[in-house]
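Engineer: Got a predicted structure here, sequence first:
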Amino acid sequence: MTGFHKMLAAAALTVTSATAFSAQTVPAKNPLEGNADAIQAGMGLFRGRCGDCHGIDATGVRGPDITQVWANGRTDEGLFKTIKGGVPGTEMPANPRLTDNEIWQIMAHLRTLAAATAPAAPRGVAENGEKIFRAMCANCHRVNGTGGRLGPDLSRVGAARSREMMALRIRGGVEGFANGFEPVTLTPVGGKPVVGVKKNEDLFSVQIMDLGERIQGFEKSALTSVQNGARSAMPAFPHSRLSDPELDDLLRYLQSLRGFDPAVRQ
């Protein structure tokens with residue numbers, strides 16, 4: 001079969017499968033698993049839509065390693081729903097423009113990258129990590145409704161970030177900040193500077209959350225300056241503040257924050 005005919009066959013498969021899947025519930029098993037044309041198409045879709053966060057080899061960049069999803073007990077049905085609907089509270093978006101068939105193609109490709117066995121248990125003790133989190137992080141970050149609001153809610157961080165990325169962020173190796181948490185200093189006319197994180201801004205006004213977690217709005221005409229911070233407001237935690245064993249404990253705890261009950265079918 002020529003490359004052109006393979007493309008025609010794949011296109012026909014896409015049309016017929018998308019029509020069939022849209023009219024019924026999600027199958028428990030990927031109907032395109034092992035299909036060579038589907039795997040090839042899924043590789044292109046995965047690299048174009050998922051690779052920036054999960055890496056071309058799916059082992060994680062900003063997002064987590066997803067080569068372990070099946071080894072960790074995830075089902076085809078559950079993974080399909082995650083790709084389709086996203087994960088609320090994380091950077092994993094919904095993908096309403098992907099057809100059902102395209103999602104199955106992505107999953108067919110991902111199966112070729114998947115590890116056969118579950119990974120070794122992560123280092124650290126989650127119970128100790130939770131204590132460290134409460135002492136050093138909870139003033140700014142919330143988990144399951146408890147904690148501060150100056151930083152992002154971390155209730156699902158274990159499903160949204162790789163261990164390596166979280167470690168870099170904690171040690172201070174990443175300078176960026178999430179949308180809605182840009183550090184800013186506002187100086188009112190005749191007043192003292194107000195420090196916080198920017199929540200909204202337009203041509204005429206700016207709204208921030210100050211260090212006391214109060215939402216404040218300012219007309220720009222009443223300000224002498226708006227100074228945007230270049231670095232995240234989150235402090236670095238070098239070895240002098242957080243030892244390697246303590247970091248392992250904290251990361252183990254953060255990896256457990258996945259925003260869903262593991263006993264529920266996924």
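Structural biologist: Good, I have the coordinates.
Engineer: And Pro183, how far from Ala126?
Structural biologist: Separation of Pro183 from Ala126 (CB to CB, to the nearest Å) stands at 30 Å. Backbone N, C-alpha and C define where each C-beta goes, glycine included.
Engineer: Who does the closest residue to Ala138 other than its chain neighbours form a beta bridge with?
Structural biologist: In this structure, Ala138 finds its nearest non-sequential neighbour in Gly147, 4.2 Å apart by CB to CB, 6 or more residues apart in numbering. The bridge-partner assignment for Gly147, based on DSSP bridges, gives Arg142.
Engineer: show me the contacts for Gly147.
Structural biologist: Residues near Gly147 by CB atoms under 8 Å, 6 or more residues apart in numbering: 137-141.
Engineer: Could you rerun that using 10 Å?
Structural biologist: Contact analysis of Gly147 by CB atoms under 10 Å, 6 or more residues apart in numbering lists 133-134, 137-141, 153-155.
Engineer: Neighbour-wise, which one of those leads?
Structural biologist: Leu154 (24 neighbours; other CB atoms under 10 Å).
Engineer: Against which helices or strands is the helix or strand where Phe46 lies packed?
Structural biologist: Element membership of Phe46 [criterion: DSSP states H and E] is helix 36-49. Here helix 36-49 touches helix 3-22, helix 51-54, helix 100-113, going by 3 or more CB pairs under 10 Å, 6 or more residues apart in numbering; DSSP states H and E.
Engineer: What residues of that helix count as buried?
Structural biologist: Using 16 or more other CB atoms under 10 Å as the burial criterion, the residues of helix 36-49 that qualify are 37-39, 41-43, 45-47, 49.
Engineer: got the angle between it and helix 100-113?
Structural biologist: Helix 36-49 runs at 90 degrees relative to helix 100-113, counting by axes from the mean of the first three to the mean of the last three CA atoms, to 10 degrees.
Engineer: Show me how far helix 36-49 is from its chain's centre.
Structural biologist: Distance of helix 36-49 from the chain centroid (CA atoms, centre = their mean, to the nearest Å) equals 21 Å.
Engineer: same question, stretch 76-85
Structural biologist: Put simply, stretch 76-85 sits 15 Å off its chain's centre (CA atoms, centre = their mean).
Engineer: Would you mind writing the CA trace of it as PDB?
Structural biologist: C-alpha atoms of stretch 76-85 as PDB (Å, rounded to 0.1, in the frame of the first residue of the first chain):
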ATOM      1  CA  ASP A  76      -8.800   3.200  28.700                       C
ATOM      2  CA  GLU A  77     -12.200   4.700  29.500                       C
ATOM      3  CA  GLY A  78     -10.900   6.900  32.300                       C
ATOM      4  CA  LEU A  79      -7.900   8.200  30.300                       C
ATOM      5  CA  PHE A  80     -10.200   8.900  27.300                       C
ATOM      6  CA  LYS A  81     -12.400  11.100  29.600                       C
ATOM      7  CA  THR A  82      -9.400  12.900  31.000                       C
ATOM      8  CA  ILE A  83      -8.100  13.800  27.500                       C
ATOM      9  CA  LYS A  84     -11.600  14.800  26.400                       C
ATOM     10  CA  GLY A  85     -12.700  16.800  29.500                       C
END
